[in-house]
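Engineer: Predicted coordinates and the sequence they were generated for:
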Amino acid sequence: MSKIKVIIAGFKGRMGSTAVNMVLEQADFELVALLDPFTTEAEAFGAPVFNVKEELKDLSADVWIDFTQPSVAFENTKFAIEHGFRPAIGTTGFTEEQIAELIEISRLKNLGGLIAPNFALGAVLLMQFSKSAAKYFPDVEIIELHHDKKMDAPSGTAVKTAELISENRKSHKQGAADELETLAGARGADVDGMRIHSVRLPGLVAHQEVIFGSLGEGLTLRHDSYDRVSFMTGVALAVREVMKVNELKYGLEHFLDL
Ligand SMILES: NC(=O)C1=CN([C@@H]2O[C@H](COP(=O)(O)OP(=O)(O)OC[C@H]3O[C@@H](n4cnc5c(N)ncnc54)[C@H](O)[C@@H]3O)[C@@H](O)[C@H]2O)C=CC1
Ligand SMILES: O=C(O)C1=N[C@H](C(=O)O)C[C@H](O)C1
């Protein structure tokens, strides 16, 4: 059987370098190219290194893994789809409109792919459990906690969690009707009246709590990524699964039996 040929964009970064190790460990994957603007290497890990994506346009490859940064993620994904590379995107910061546009382009191209705000299986379960709990606990706040080099806030995971909760929660403003913020931002970001709070501290990796409150009871769901290796089972799964579908999906749950 032929191997799945993989490109990694952002390979010098925290996630990209972890993904390189994962790809090299898979017998059915072949690393065919690496992309990162901030390196002078011509080759690394047996694969050619590129600094700009346009240099990859004639390459023969199956999957484009992307762990870059929010400001380039949309253009990278569009480029991958337009050149026949199935995207497996971990980079966050997409708008709803951008995701809809990319899905549309993937359908026109009949090309599978995935944008996954979180590849950790435990985080995907946390999001699904939160969606279920919201049916019975409509009052909820999301606290996401990350390392202090993170560029975007709120996290992609928190946004996706809020979207899933919204599917089961009637839109309403939480807290006191006459609540007053005496310090701007004290109540966090507002999504349909539920709140997202972003914590950034050295020492953290990626963590999220979803706190539900009701009459005389509370329910707290929490996931912790202590190490970036936590995301790799999901990335490997995505690389294999994007080969089997014909459009871009949003969320790793599309490839899991939940
Ligand atoms: N979906 C998931 O499970 C996870 C997603 N992430 C997301 O992945 C992204 C990367 O995170 P980190 O690795 O921590 O960041 P990082 O800053 O360590 O790495 C980003 C890398 O991308 C490179 N880069 C920047 N522009 C580029 C371009 N145009 N083409 C190719 N490479 C480019 C940078 O030089 C850097 O080496 C973030 O958006 C983060 O939120 C992070 C962890 C898990
Ligand atoms: O930047 C990170 O580190 C992470 N980003 C993703 C997000 O924004 O949700 C996934 C995970 O939380 C780690």
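Structural biologist: Perfect, thanks for sending it. Ligands and ions are numbered 1, 2, ... in the order given.
Engineer: So which helix or strand of the protein has the lowest pLDDT on average?
Structural biologist: strand 189-191 (a mean of 96; mean pLDDT, DSSP states H and E).
Engineer: strand partners of the next helix or strand after that strand, parallel vs antiparallel please.
Structural biologist: Going down the chain from strand 189-191, the next helix or strand is strand 194-200, by DSSP states H and E. Strand 194-200 has its sheet partners listed here by DSSP bridges as strand 140-146 (parallel), strand 189-191 (antiparallel).
Engineer: in the stretch 51-200 of the chain, what spans have low per-residue confidence?
Structural biologist: Regions of the stretch 51-200 of the chain meeting the criterion pLDDT under 70 are absent.
Engineer: Which positions in it make contact with ligand 1?
Structural biologist: Contact residues, the stretch 51-200 of the chain versus ligand 1 (CB under 6 Å from any ligand atom): 67-70, 72, 90-92, 116-119. Every C-beta, even on glycine, is put in place using the N, C-alpha and C of the backbone.
Engineer: Test for you: state the pLDDT assigned to the residue of the stretch 1-150 of the chain found nearest ligand 1.
Structural biologist: Using CB to the nearest ligand atom, the closest approach of the stretch 1-150 of the chain to ligand 1 is made by Gly13 at 2.0 Å. With respect to pLDDT, Gly13 scores 98.
Engineer: if I pick it, what's in contact with it?
Structural biologist: Under the criterion of CB atoms under 8 Å, 6 or more residues apart in numbering, the contact list for Gly13 reads 36, 67-68.
Engineer: I'd like to know which of those residues are buried.
Structural biologist: The neighbour count (16 or more other CB atoms under 10 Å) marks 36, 67-68 as buried among these.
Engineer: Out of these, name the ones that lie in strands.
Structural biologist: Among those, no member falls in strands (criterion: DSSP state E).
Engineer: Of the residues you listed, just say which sits nearest to ligand 2.
Structural biologist: Looking across the buried ones among the contacts of Gly13 and measuring by CB to the nearest ligand atom, the closest to ligand 2 is Phe67, at 9.0 Å.
Engineer: What sits closest to the closest one if chain neighbours are left out?
Structural biologist: Using CB to CB, 6 or more residues apart in numbering and skipping the chain neighbours, the partner closest in space to Phe67 is Met15 (3.6 Å).
Engineer: Checking my notes, that neighbour in a strand, right?
Structural biologist: No - counting by DSSP: H, G, I helix; E, B strand; the rest coil, Met15 is not part of a strand but helix.
Engineer: my read: it touches Thr68, true?
Structural biologist: No - using CB atoms under 8 Å, Met15 is not in contact with Thr68; the gap is 9.1 Å.
Engineer: Tell me the secondary structure at the closest residue to Ala47 other than its chain neighbours.
Structural biologist: In space, and not counting its chain neighbours, Ala47 is closest to Leu31: 4.6 Å by CB to CB, 6+ apart. Following three-state DSSP, the label given to Leu31 is strand.
Engineer: any idea how far Gly156 is from Leu125?
Structural biologist: 16 Å (CB to CB, to the nearest Å).
Engineer: Between these two, which has more neighbouring residues?
Structural biologist: In terms of neighbours (other CB atoms under 10 Å), Gly156 is the more surrounded of Gly156 and Leu125; the figures are 20 against 15.
Engineer: Could I get the contacting residues of that one?
Structural biologist: Residues near Gly156 by CB under 8 Å, 6+ apart: 92-94, 117-118.
Engineer: tell me how far the helix or strand where Leu108 lies is from the chain's mean position?
Structural biologist: Element membership for Leu108, per DSSP H and E: helix 96-109. Put simply, helix 96-109 sits 16 Å off its chain's centre (CA atoms, centre = their mean, to the nearest Å).
Engineer: For whichever helix or strand comes after it, buried residues please.
Structural biologist: Later in the chain than helix 96-109, the nearest helix or strand by DSSP H and E is strand 113-115. Buried residues in strand 113-115, counted by 16+ other CB under 10 Å: 113-115.
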